[in-house]
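**Q** fold the following for me, if possible:
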Amino acid sequence: MGIKQKEENTNGGLHNTLAAGTTVKGNIMTETDFRLDGKIEGDVNCSGKIVIGPKGNVTGNIVSANAEILGEVEGSVHVSAKLVLKATAVIKGDIFAQTLEIEPNARFNGVCKMSGEESASK
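**A** As a prediction, the model looks like this:
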């Protein structure tokens, strides 16, 4: 089918990987951490942390607990905790996060909204 999915046991937790050269058209939902080095045309909903590698590309919206972006995203990014935009990141869309870290040379075109209150579950 062209989808390469790998589950590894790292520090007691599972994570999924979508390899470079792989394209998925459709939405992805995962309860574990997710590393994306390929391309997704659709929305991504991740209960853990999503890492979009330098060659990773998302055309759609991202909802995640935490995110680290090194690649490109065209759509909104909703992160309930910490969002990190690395130097190679390109974001074309709005971002919503509690904590935001942007490295020099990262590109972001959109609106940023940050919630100042901590979640009640802490």
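**Q** report the central residue of this structure.
**A** Centroid check for the chain by CA atoms, centre = their mean gives I50 as the closest residue, at 4.2 Å.
**Q** tell me which helix or strand it sits in.
**A** strand 44-52 (DSSP states H and E).
**Q** now do V24
**A** With elements taken from DSSP H and E, the one containing V24 is strand 23-25.
**Q** using PDB, write out every CA atom in the strand holding I50.
**A** Below are the C-alpha coordinates for strand 44-52, written out as PDB (Å, rounded to 0.1, in the frame of the first residue of the first chain):
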ATOM      1  CA  VAL A  44      -3.300  14.500  12.000                       C
ATOM      2  CA  ASN A  45      -4.600  13.900  15.500                       C
ATOM      3  CA  CYS A  46      -1.900  12.700  18.000                       C
ATOM      4  CA  SER A  47      -2.500  12.200  21.700                       C
ATOM      5  CA  GLY A  48       1.300  12.200  22.300                       C
ATOM      6  CA  LYS A  49       4.100  14.100  20.700                       C
ATOM      7  CA  ILE A  50       4.400  14.600  16.900                       C
ATOM      8  CA  VAL A  51       7.800  15.300  15.300                       C
ATOM      9  CA  ILE A  52       7.700  16.400  11.700                       C
END
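**Q** average pLDDT across that strand?
**A** Mean pLDDT, strand 44-52: 95.
**Q** let's have the chain start at 24 instead
**A** Sure, I'll start counting at 24 from here, so that last one is strand 67-75.
**Q** what lies in contact with whichever helix or strand comes after it?
**A** Once the chain leaves strand 67-75, the next helix or strand it forms, by DSSP H and E, is strand 80-82. Residues from elsewhere that reach strand 80-82, judged by CB atoms under 8 Å, 6 or more residues apart in numbering: 59, 61-65, 67, 75, 94-98. Bear in mind the C-beta positions are built from the backbone N, C-alpha and C, glycine included.
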